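A.B. asks: Please find the sequence and the predicted model below.
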2 protein chains.
Amino acid sequence: MGRVKLKIKRLENTSGRQVTYSKRRAGILKKAKELSILCDIDIVLLMFSPTGKPTLCLGERRYHPFHPPLSS
Amino acid sequence: MGRVKLKIKRLENTSGRQVTYSKRRAGILKKAKELSILCDIDIVLLMFSPTGKPTLCLGERRYHPFHPPLSS
DNA sequence: AGTACTATCGTTAGTGA
DNA sequence: CTCACTAACGATAGTAC
């Protein structure tokens, strides 16, 4: 996406990695939340920034102990 | 995306939830892999399908014990 | 269940402040 | 670094098989 195609390989520029991380982290967190709501599923997403800062996403599903599969 | 806008709320149709889950699971797994490679980070993604089947993604980063932040 | 197609919407790379 | 903008690329809803 964006203005040009981006090859999927490690970004060599440090600040570039951080900027790309910030943008894509927001995108994937949104995707995870959408998926958990749309499909009513449990999801866990844990990631560490290029500087080591962790982000944890636990989805939006209301809690069900022992994660029983849906019957409906 | 897709042909029409989709409201982000629980899909009431069971098979629709499963189809949407399959498509979006593929999308988010690709995003997670791309993010881990581009930004050279650790990422963990765990999710359960509407029928309870788990999927685990551990990212593509080469292993670093104790997850040291990048120095460069 | 899974694959293929594709119009349409969503994400984001590059840019500037 | 963070925010806003937007052209252009990417993901996906609906469909057909």
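C.D. replies: Yes, it's here.
A.B. asks: got any ranges where chain A has weak pLDDT?
C.D. replies: A:62-72 (pLDDT under 70).
A.B. asks: ok, which stretches of chain A are helices?
C.D. replies: Under the criterion DSSP state H, helices of chain A are mapped to A:14-39.
A.B. asks: Export the longest strand along chain A to CSV, keeping only CA atoms.
C.D. replies: When chain A is parsed with DSSP state E, its longest strand is strand A:43-48. What follows is strand A:43-48, C-alpha atoms only, in CSV (Å, rounded to 0.1, in the frame of the first residue of the first chain):
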residue,chain,number,x,y,z
ILE,A,43,-7.4,-13.4,20.1
VAL,A,44,-4.1,-12.5,21.7
LEU,A,45,-1.5,-10.3,20.0
LEU,A,46,1.8,-9.5,21.7
MET,A,47,4.5,-7.5,20.0
PHE,A,48,7.7,-5.7,20.9
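A.B. asks: what packs against it?
C.D. replies: The helices and strands touching strand A:43-48, judged by 3 or more CB pairs under 8 Å, 6 or more residues apart in numbering or on different chains; DSSP states H and E, are helix A:14-39, strand A:54-57, helix B:14-38, strand B:43-48. To be clear about C-beta, it is placed using only N, CA and C from the backbone, and glycine gets the same treatment.
A.B. asks: which one of these is the most hemmed in?
C.D. replies: Sort the helices and strands packed on strand A:43-48 by mean neighbour count, taking mean count of other CB atoms under 10 Å in any protein chain shown, and strand B:43-48 sits at the top with a mean of 20.
A.B. asks: now that strand against strand A:43-48, angle please.
C.D. replies: 180 degrees (axes from the mean of the first three to the mean of the last three CA atoms, to 10 degrees).
A.B. asks: Just checking: what are the partner strands of strand B:43-48?
C.D. replies: Partner strands and pairing direction for strand B:43-48 (DSSP bridges) are strand A:43-48 (antiparallel), strand B:54-57 (antiparallel).
A.B. asks: between these, which one is nearest to DNA strand D?
C.D. replies: Of all those, strand A:43-48 sits nearest to DNA strand D, with 12.9 Å by CB to the nearest atom of the strand.
A.B. asks: Tell me which of the helices and strands packed on strand A:43-48 lies nearest to A:Leu6.
C.D. replies: helix B:14-38 (7.4 Å; CB to CB).
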